[in-house]
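Colleague: Prediction below, plus the sequence it came from.
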Amino acid sequence: MLKVLEGLNRYSYQVLMDEQIRKFAEGTLQDIDDIKVAISPIPQHQFMSSLLMNKLELQMQDSLFEDGLIPSWCVYLVETCPFLLSFDTRWKYFCLTAHRSFTTDHVKSYPDQVNSTPDQVNSVVSMMTNHGPSSRIIKVEFDGEVGTGRGPTFEFYTTATHELQRSGLGMWRGDNSAAGFIHAPFGLLPKPWSSSSSGTSSRETNFSDVLQKFKLLGHLVVRAVLDGRILDIPLSRAFYKVMLGQELDIYDIPSFDLELGKTLIEFQALVSRKKLLEASLKTSNPTADLSYKNVKLEDLCLDFTLLGNSEYELVPGGSKKFVTLDNLEEYVSLVVDATLKRGIAQQIEAFKSGINEVFALKALKMFTEEEMERILCGEQDSWATKNLEDNIEFEHFLEILREFGREEQRAFTQFTTGAPQLPLGGLASLDPKLTVVRKQCDGNVYDELPIVNTCRHFIKLPPYSSKEIMRKKLKYAFTEGLGSFHLS
């Protein structure tokens, strides 16, 4: 019963939207623009059981558990009712069962030390093909640079994920230009490819290359999880759901494309009203006056191609087949299928295969979409005042960090750690701890810049005469010095 209630809570948006569509179909809701809901789901922590958490925590302390002898009740609990356990408990269980270690940074083997060329996808593909499936931690050294260790390795994962967000690769929705990077305010989702366009597109993008890059992303994800690395890639909630083995439906579309999702849901409501009118009225043409926001569907001039991607025909000859009230249900079904299922199926399978080469993807199903984002992309709220005060003691420096905007926070974090986000647990979880000391200067202090050791999370600040000068020098250092590793 508790599992049913938790499921209803998790899918409350879908349940309430179905109810709104039913009301519109019956005529109790007149305006199609009123098909919307506001939800206040019960916080997930209210479903947790402290009794079961304590019992599992105690069981995980048994040395036999770490050796792989896991009682069946533990497996059943985690696989069927993970919502009963806290994230910390499930993360500890995952670390133990995935590679027999409480922390992903202490694998009992020597790391793979590999060289890489920054800013080149082919170099990343080659490295991950050779070392991605390895059970050992990967550490990276850039060719032509003297730095090595955690800092360059974190920088490698950041650079690699940035390269996969370039326009013109044919990987993501919204890829409409040949230069720059994809802008996806609601997160990235694979761009649909039809079977007829799986060779080359108008930009000569080869579909096999697209699949190779999604497999590469799978390798990067699994290495980030096992090695404790941070990825700088804004995946959509829908992508995380697919990663966790969940089915997507029409109600997931607004989460990454608000306008398309809203329109499709309204079209679906129109289909439901048409069906109800046809079933309940016996006049010759009960739907003659049915329109979309006082406009006949024929006047919208929609054809059976994917919105925003005219090369993707939903049916053979789709560019010459127009949407009418009679084929609206078919159109909605085909758009949803192309957007969430058939159009991205091969890309998703390639991504999953990259993960499954190292461990079974189903092991991640114990986490939610939000938790997977924390695991892969680090903490999003690590800059709260209390977190800074608890972990940094340097008066002006602390004030400056508090005043930084979001992009400045990301740049500073990458400058000091090699990744633009902090790992699980935020500043408190950095190992070694972030340390700020005074830099000894022989000449004019104003000419000196802050320096960092990204491997040791060590910052040396010159004794600047004012807070304003310190802020200026800090911003110059993390703007101009980003991505370069040198010994000092």
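Modeller: That came through fine.
Colleague: packing partners for the strand or helix carrying residue 123?
Modeller: Element membership for residue 123 (DSSP states H and E) is helix 121-131. When contacts are defined as 3 or more C-beta pairs under 8 Å, 6 or more residues apart in numbering; DSSP states H and E, helix 121-131 packs onto strand 112-116, helix 150-163, helix 207-227. Backbone N, C-alpha and C define where each C-beta goes, glycine included.
Colleague: And those: which comes nearest residue 398?
Modeller: helix 150-163 (22.7 Å; C-beta to C-beta).
Colleague: Restrict the closest one to CA atoms and write it as CSV.
Modeller: Output of helix 150-163 as CSV, limited to C-alpha atoms (Å, rounded to 0.1, in the frame of the first residue of the first chain):
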residue,chain,number,x,y,z
ARG,A,150,43.0,15.2,-9.6
GLY,A,151,42.9,18.8,-11.1
PRO,A,152,43.7,17.9,-14.7
THR,A,153,41.5,14.8,-14.4
PHE,A,154,38.5,16.8,-13.3
GLU,A,155,39.3,19.3,-16.1
PHE,A,156,39.4,16.5,-18.6
TYR,A,157,35.8,15.4,-17.7
THR,A,158,34.6,19.0,-17.8
THR,A,159,36.2,19.6,-21.2
ALA,A,160,35.0,16.3,-22.6
THR,A,161,31.4,17.0,-21.7
HIS,A,162,31.6,20.5,-23.1
GLU,A,163,32.8,19.0,-26.4
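Colleague: buried residues in it?
Modeller: 150-161, 163 (16 or more other C-beta atoms under 10 Å).
Colleague: Ok, stretch 62-78 next?
Modeller: Residues of stretch 62-78 classed as buried: 65, 70, 74, 77, 78 (neighbour count, 16+ other C-beta under 10 Å).
Colleague: Could you list which of those belong to helices?
Modeller: Among the buried residues of stretch 62-78, DSSP state H puts 65, 74, 77, 78 in helices.
Colleague: which one of these sits closest to residue 331?
Modeller: Nearest member of these to residue 331, counting by C-beta to C-beta, is residue 78, at 41.8 Å.
Colleague: Please report how far the nearest residue to that closest one once chain neighbours are set aside lies from residue 4.
Modeller: Distance criterion C-beta to C-beta, 6 or more residues apart in numbering; nearest residue to residue 78, sequence neighbours excluded, is residue 366 at 5.3 Å. According to C-beta to C-beta, to the nearest Å, residue 366 and residue 4 sit 19 Å apart.
Colleague: likewise residue 362?
Modeller: For residue 362 relative to residue 4 (C-beta to C-beta), the value is 22 Å.
Colleague: And the two? Which one has more around it.
Modeller: residue 362 (11 against 8; other C-beta atoms under 10 Å).
Colleague: picking up where we left off before, shouldn't the residue nearest to residue 78 be in contact with residue 97?
Modeller: No. Using C-beta atoms under 8 Å, residue 366 is not in contact with residue 97, being 9.7 Å away.
Colleague: Which one's more surrounded, those two?
Modeller: Comparing residue 366 with residue 97 by other C-beta under 10 Å, the one with more neighbours is residue 366, at 23 against 19.
Colleague: Quick one: residues contacting the more buried one.
Modeller: The contact partners of residue 366, taken as C-beta atoms under 8 Å, 6 or more residues apart in numbering, are 78, 79, 82, 90, 93, 94.
Colleague: again with residue 25
Modeller: By C-beta under 8 Å, 6+ apart, residue 25 lies in contact with 269, 272, 273, 275, 276.
Colleague: With adjacent residues omitted, what lies nearest to it?
Modeller: Counting by C-beta to C-beta, 6+ apart, residue 272 is the residue found nearest to residue 25 once chain neighbours are left out, at 3.8 Å.
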